[in-house]
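In: Model the following, please.
(2 chains)
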There are 2 protein chains.
Amino acid sequence: MDADVDRAESLAAPGARDLLLQTASTIMREGDVVDISLSELSLRSGLNSALVKYYFGNKAGLLKALLDRDMDAIVKSVEALLAKDEMSPEAKLRRHISKSIDTYYDYPYLNRLLMRLVRDSDEAEAKRIADQYLLPLHRAYERFIGDGVEAGTFRPINPRLFYFTLTGAADRFFSARLVLKHCFDQDTLTEELRNSYREHTVDFVMAGILAH
Amino acid sequence: MDADVDRAESLAAPGARDLLLQTASTIMREGDVVDISLSELSLRSGLNSALVKYYFGNKAGLLKALLDRDMDAIVKSVEALLAKDEMSPEAKLRRHISKSIDTYYDYPYLNRLLMRLVRDSDEAEAKRIADQYLLPLHRAYERFIGDGVEAGTFRPINPRLFYFTLTGAADRFFSARLVLKHCFDQDTLTEELRNSYREHTVDFVMAGILAH
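Out: Okay, the predicted model is just below:
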């Protein structure tokens, strides 16, 4: 055990942890899966799989670290947007919708990974995920939408339900790539299709929420 | 092998096939999973697990039969709605959105099951799923939306992209039940919350698509 850790320590290099996470992310994105084999991870990253144990304990720890990496970026970006006092609720929401499409384009596995970790974790860890990532997003939505409703820009909309409408629309498209492939011989993970879907979603959601 | 089949045949009873499918559906819905153990299926249905082999060949065959059962009902219902010549595009779409929410309430696993079977099947079976279920739905959306755009009722919207927006919004809510449980101590699979989300979604999507 200690020998293993010593050995892994000797293999560790600056950036190795990030590279493992990024490689895991790429494998999930390309394969449309929410799981990875450690041997594939080792092969693709060029890093010894003992490093997974060294940095993350085990595969579950790696999945958790990947969720943390991706969700942390989202929560920070939503909170930065909320803090822009000079920006109107409409401009903020427009920016946020665009960003959500880009997020699911980059991490099409994200929602499924989140669901899986909430389901497979013990009560305390599921609660941590909820408290650290989901509640802040729900609170942000309450402010986003609440400010716009108050300003008369938005129709009265339940922010909690709206969160699912928007993330569902964003998530569903990029997790459907295999379906699109077989139906239309088309890959959803192209920048061109991402741009079309981003435009469609911003347009559609803003039309659904703006007061007339 | 033949003895097994003989034995299973003697266990078969009218309705046993349907009961196996319905029990599998209930297990997936309650457990928020897209898989089942045959021993749980046998226990919950009160039927011998040899019947799975008899009716479906194996577990993959059972999953496929469940997808067929659920998707067939959806495609038939969408086609029946399309055939109602006296109904306006707006009324049809309103009805269809309501129905989609009810569908994902009943079968919250449906989209994940579909993705999984498309991913894990061979090319021919994936193509069959696409041709039999997804292309008819896409063609129906082209007519739903196309007729409304032509009538000037709807804004010009890409029907193919709209399909993902709507099914994403419907799917996401009911597949997020564990998240809601941990965030808000709330179960999404209640009729009350289904009704709220149905109202929210019909309202939101219609506002997003109606021409003003």
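In: Spatially nearest residue to residue A:175 (excluding sequence neighbours)?
Out: Counting by C-beta to C-beta, 6 or more residues apart in numbering or on different chains, residue A:175 lies nearest to residue A:108, which is 5.4 Å off, once chain neighbours are set aside. C-betas here are computed from N, CA, C, even on glycine.
In: measure that neighbour to residue A:30 for me?
Out: As defined by C-beta to C-beta, to the nearest Å, residue A:108 lies at a distance of 10 Å from residue A:30.
In: okay, those two: which has more neighbours?
Out: residue A:108 (23 against 13; other C-beta atoms under 10 Å in any protein chain shown).
In: Any idea which helix or strand in chain A has the lowest mean pLDDT?
Out: Here the helix or strand of chain A ranked lowest by mean pLDDT, DSSP states H and E is helix A:2-11, holding a mean of 62.
In: Tell me which other helices or strands the following helix or strand past that helix touches.
Out: As assigned by DSSP states H and E, the chain's next helix or strand after helix A:2-11 is helix A:16-31. Here helix A:16-31 touches helix A:38-45, helix A:50-56, helix A:59-82, going by 3 or more C-beta pairs under 8 Å, 6 or more residues apart in numbering or on different chains; DSSP states H and E.
In: same thing but at 10 Å, please
Out: Counting contacts by 3 or more C-beta pairs under 10 Å, 6 or more residues apart in numbering or on different chains; DSSP states H and E, helix A:16-31 is packed against helix A:38-45, helix A:50-56, helix A:59-82, helix A:89-106, helix A:110-120, helix A:177-184.
In: any weak-confidence spans in chain A?
Out: A:1-11, A:188 (pLDDT under 70).
In: before we move on, back to that, could I get the helices and strands packed on helix A:16-31 as TSV with mean neighbour count and distance to residue B:128?
Out: TSV is the format used below for those (neighbours: other C-beta atoms under 10 Å in any protein chain shown; distance: least, C-beta to C-beta, whole Å):
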stretch	mean neighbour count	distance to residue B:128
helix A:38-45	16	29
helix A:50-56	20	38
helix A:59-82	17	33
helix A:89-106	18	28
helix A:110-120	20	24
helix A:177-184	20	9
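In: Would you convert those helices into CSV that also reports distance to chain B?
Out: Formatted as CSV, the helices and strands packed on helix A:16-31 follow (distance: least, C-beta to the nearest C-beta, whole Å):
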stretch, distance to chain B
helix A:38-45, 16
helix A:50-56, 23
helix A:59-82, 12
helix A:89-106, 10
helix A:110-120, 5
helix A:177-184, 4
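In: how about the nearest residue to residue A:194, chain neighbours excluded?
Out: residue A:105 (4.6 Å).
In: Could I get the contacting residues of that neighbour?
Out: A:29, A:170, A:173-174, A:188-191, A:193-195, A:197-198 (C-beta atoms under 10 Å, 6 or more residues apart in numbering or on different chains).
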